[in-house]
Structures are given as structure tokens and as C-alpha cells.
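Visitor: How does the following fold in three dimensions:
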Amino acid sequence: MSSTRRAALAITIAAVAVTAAASLYIVKRRALPSYRPVPGPAAAAPALAVGASPPMPQSIVRHEVPEVEVVEVARDLEVVWAMRFAPDGRLFITERAGRIRIFNPDTRQMSNYARVTTVHGGESGLMGLALHPEFPREPWVYVMYTARKAGGGVNRISRLRQREGEDVEEQVLIDDIPAAVNHDGGALEFGPDGMLYIGTGDAMTPALAQDLGQLNGKVLRIAPDGGVPADNPIAGSPVWAYGFRNVSGLAFHPATRDLWAASHGPSATSPDKPKFMDSVYRVEKGRNHGWPSHLGVSADPAIVSPVIFFNDRFVPPGGLAFYAGAAPLANTLFMTALRAQEIDRFVIEDGRTVTRLERWWPDKFGRLRAIAVAADGSIYLGTSNRDGRVRGEYRGSDFIYRVRPAAANRPGE
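Guide: Below is the predicted model:
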């Protein structure tokens with residue numbers, strides 16, 4: 001990075017007190033007719049094939065960062081998992097232990113929305129978050145979390161709404177998705193079609209990703225009320241696409257409307273097993289995205305190969321977000337990284353082809369997972385340094401940071 005760029009990268013750490021209500025709203029559950037997975041025939045799984053192509057041409061990998069400023073805006077959080085902006089500018093936040101909070105960027109005050117009872121640890125607990133496309137007229141907050149049931153935990157998709165400012169009502173939309181300590185997925189994203197897309201993990205049972213009668217290792221698609229859309233590829237099933245190991249992030253390209261998904265690859269401990277292969281896909285309706293039979297680029301036309309994959313280091317992905325603002329960050333897909341402890345910026349000029357990768361701040365802020373883009377073009381990042389896996393010395397708190405172009409590059413300044 002040049003000295004000019006280094007000077008322009010303003011890292012301002014502002015200690016901000018986070019205030020909250022004394023208690024969280026009580027959640028009252030109301031179960032709707034929900035889809036429950038049933039046994040079905042598993043798709044044939046050929047021997048594992050590992051793509052030999054490099055993750056990307058090394059000529060497009062860069063380590064310098066554009067002229068941006070980073071400011072700490074909130075602290076005293078615990079494993080921030082997902083964030084979503086409401087139309088009025090408030091930022092909804094999930095924490096793994098079960099808390100849903102609301103942050104006001106103008107006042108920098110934090111308030112409580114609700115708490116759900118979770119089994120949490122590793123990659124389980126309160127995970128994904130989405131707001132109804134017509135929020136707040138339709139005041140539904142959608143979450144995915146690991147719930148305790150007889151015999152162990154299950155993953156559940158619910159929607160919540162406040163009732164006259166007192167209690168929070170919960171409606172369960174999908175229940176009994178097999179859960180595990182790791183590989184629970186948890187990504188939620190509403191599409192341009194108004195449908196809710198859900199990324200799940202294989203619950204540490206790889207064969208489930210190929211079983212069309214199960215919901216693990218899939219991208220699911222449901223209506224806002226939990227119903228199965230008539231144009232889903234399998235009649236009566238939420239399954240939209242399959243063959244994923246652990247879907248951690250979903251995002252729709254603002255122009256092409258393609259759905260992109262980030263998925264964790266394996267981290268083998270012996271030299272005879274494939275490792276890494278964290279991947280980003282353009283999800284294709286009804287198609288097989290490979291896991292566990294394929295990793296990386298596949299020569300098999302029946303398999304959807306990833307657009308991006310890493311076979312040289314263990315990333316793995318946190319969240320995804322497209323940036324629809326102006327230069328210098330235009331044409332960008334942002335991906336947060338957990339073990340790599342960085343944010344990756346992929347420049348995608350034509351909406352489909354990655355032409356540049358920038359690795360921002362490796363090991364500077366710790367494990368980055370949650371990401372959301374505000375209406376003014378600011379990017380908000382949430383850390384997961386209290387999840388038990390952080391490398392290095394970090395303070396005993398999780399944080400939210402605001403990232404935006406340096407003042408000289410912001411319109412009107």
C-alpha cells in the first residue's frame with residue numbers, strides 16, 4: 001500500500017457505551033403448519049472429485065485497501081451473527097446466545113427486541129436474520145436458530161413480531177431440521193421475488209446434502225408466511241438447490257438478480273484428504289452444487305461449479321453483501337472471513353466475472369462474520385471474537401464497525 005493510501009486509511013476506534021433495556025421481551029410461540037423433512041431417496045454420490053484449478057489468477061489478488069475509514073460504533077456484544085437494516089435506518093442484530101437487538105446509528109444506542117431460547121456453541125445458536133420485504137408495514141423479523149428438543153437440538157426458521165409494544169409473538173415456519181454443533185448454515189435473505197431464501201448446513205452428515213428428502217446442505221425457498229411456492233423445482237418442497245456443505249452467506253446481485261452463496265469447505269487434518277475449498281457459488285435452481293462428491297471446479301456437467309474457491313488457505317466465509325453504491329467501491333461483492341480474520345472484496349465488473357480480489361486487514365479486527373450495507377453506502381461489520389475460535393489477542397467483547405469511503409470520496413463532502 002502506498003504511503004498516501006496508508007495515510008488515507010483512517011482507523012478511528014471510538015469507545016461507545018452500549019445501552020439496553022433492562023429486560024428482553026417475552027417470546028410467545030405460535031406454531032403454524034410447517035414443513036417437516038421426510039425420508040427420501042438419496043441422489044447417487046460418485047467418488048470425490050477435487051477441482052485442480054487455482055482459486056483465481058494470482059494477478060488479480062491485491063492487499064492494498066481503497067481510501068476508506070473505519071470507526072467502531074458499538075461494543076459489549078457477544079458473537080454477532082447477522083445484521084439487517086430496516087427502512088428507517090435502524091440496524092437489527094442477532095447474537096449467537098439468542099439475543100435480537102436494535103442499534104440506532106444516529107444515536108449509537110442499543111435496545112433489545114427479543115430473546116429466543118437456543119442451544120448455542122460452535123456454529124449453532126441464533127444465526128440468520130431477515131426483515132419482511134414490506135417491513136415495517138409487515139413487522140415480521142425472520143430468524144433461524146438451534147432449538148432444544150427431546151433427543152437433541154434442531155434448527156428452526158421462525159418469524160417474530162412485537163404485539164402492542166409488549167410481548168413478541170413467534171410463528172414457527174420450518175422445524176426439525178437436523179442440527180449439530182457445527183455446519184448448521186443459518187443464512188437468510190429475501191429475494192427480489194419477495195421469497196425467503198435459507199442456507200442450511202449438512203449438520204456434519206455429508207450425505208444429507210444429496211438427499212432431496214432432507215433440508216440439510218441446501219438452499220431453501222419459502223413464501224413469507226412459510227408456504228412452499230408453486231414454482232419451486234420440487235413440488236411441495238422448500239428445496240431450491242442442493243449439494244452444499246455449510247451455507248454461511250447469501251446475497252442477490254443488484255443488477256442480474258443472481259443469488260450468490262458462500263459455503264465452508266473441509267479442513268482435513270491428514271495429507272491424503274482434500275482441504276480448504278471454501279467456495280462462493282451462483283446458485284442455480286434445482287441443481288446439484290456438488291458436496292460431498294465434488295469440491296472446486298468440476299468437469300461433470302451435472303455439477304454447478306463455484307465461481308470462487310480457495311484451495312490455498314482456509315478462509316472460511318462469514319457473510320456476503322453486494323455493494324450497490326458509487327466509486328471507489330462499485331461493482332463489489334464483500335465477503336467476511338472467519339479464520340482468515342479479514343474482509344475480502346471481489347470486484348465483479350460484468351455482474352458475473354471476478355476481476356480483482358482485495359484482502360482487507362488480515363488479523364486486524366479478529367473474526368468477521370456479520371455484514372450489512374446501509375442506505376448511505378456505509379458498510380457495517382460485526383465480529384465473532386467470543387465464539388471460542390479467535391486467533392491472537394483481542395478484547396473480551398464483540399464489536400460493530402462502520403466502514404465507508406474516505407471523506408474525499410463521499411458525494412457532497
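
Visitor: Can you pull the poorly scored residue ranges out of the stretch 51-200 of the chain?
Guide: 51-64, 165-166 (pLDDT under 70).

Visitor: and with 80 instead?
Guide: Residues of the stretch 51-200 of the chain that meet the criterion pLDDT under 80 lie in 51-66, 151, 163-166.

Visitor: residue ranges for the helices of it, please.
Guide: Along the stretch 51-200 of the chain, counting by DSSP state H, counting those that start in this stretch, no stretch forms helices.

Visitor: need the strands for it, in chain order.
Guide: Listed in chain order, the strands of the stretch 51-200 of the chain (DSSP state E, counting those that start in this stretch) span 61-62, 68-77, 80-85, 91-95, 99-104, 109-115, 126-131, 141-149, 152-163, 167-178, 187-190, 196-199.

Visitor: Alpha carbons only: can I get the last one in PDB?
Guide: Going back to what we said before, that points to strand 196-199. Only the C-alpha atoms of strand 196-199 are listed here, as PDB (Å, rounded to 0.1, in the frame of the first residue of the first chain):
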ATOM      1  CA  LEU A 196     -37.300 -16.000   1.700                       C
ATOM      2  CA  TYR A 197     -34.100 -17.900   0.800                       C
ATOM      3  CA  ILE A 198     -32.500 -20.000   3.500                       C
ATOM      4  CA  GLY A 199     -29.000 -21.600   3.600                       C
END
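
Visitor: Quick one: list the elements packing against that strand.
Guide: Taking 3 or more CB pairs under 8 Å, 6 or more residues apart in numbering; DSSP states H and E as contact, the helices and strands that strand 196-199 lies on are strand 126-131, strand 187-190, strand 218-222, strand 247-252, strand 259-263. Every C-beta, even on glycine, is put in place using the N, C-alpha and C of the backbone.

Visitor: That strand pairs with which strands, and in what direction?
Guide: strand 187-190 (antiparallel), strand 218-222 (antiparallel) (DSSP bridges).

Visitor: Let's have these in TSV, adding mean neighbour count and distance to Ile303.
Guide: Listed next are the strands paired with strand 196-199 as TSV, based on neighbours: other CB atoms under 10 Å; distance: least, CB to CB, whole Å:
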stretch	mean neighbour count	distance to Ile303
strand 187-190	24	21
strand 218-222	26	15
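
Visitor: Would you mark the buried spots in stretch 107-114?
Guide: Met110, Tyr113, Ala114 (16 or more other CB atoms under 10 Å).

Visitor: Closest one of the residues you listed to Gly396?
Guide: Closest approach to Gly396 among the buried residues of stretch 107-114 (CB to CB): Met110, at 17.6 Å.

Visitor: how about Ala302, what does it touch?
Guide: With contact taken as CB atoms under 8 Å, 6 or more residues apart in numbering, Ala302 is in contact with Asn288.

Visitor: if I look at it, how far off is Phe135?
Guide: Ala302 sits 39 Å away from Phe135, going by CB to CB, to the nearest Å.

Visitor: Once you drop chain neighbours, what's closest to Ser237?
Guide: Val228 (6.5 Å; CB to CB, 6 or more residues apart in numbering).

Visitor: What confidence value was assigned to that neighbour?
Guide: If you check Val228, the pLDDT there is 97.

Visitor: number of nearby residues for Gly296?
Guide: Residues near Gly296, counting by other CB atoms under 10 Å, number 22.

Visitor: Stretch 234-250 spans what distance, first to last residue?
Guide: End-to-end span of stretch 234-250 (CA to CA, to the nearest Å): 21 Å.

Visitor: Pull out the buried residues from that stretch.
Guide: Residues 237-250 are the ones in stretch 234-250 that count as buried (16+ other CB under 10 Å).
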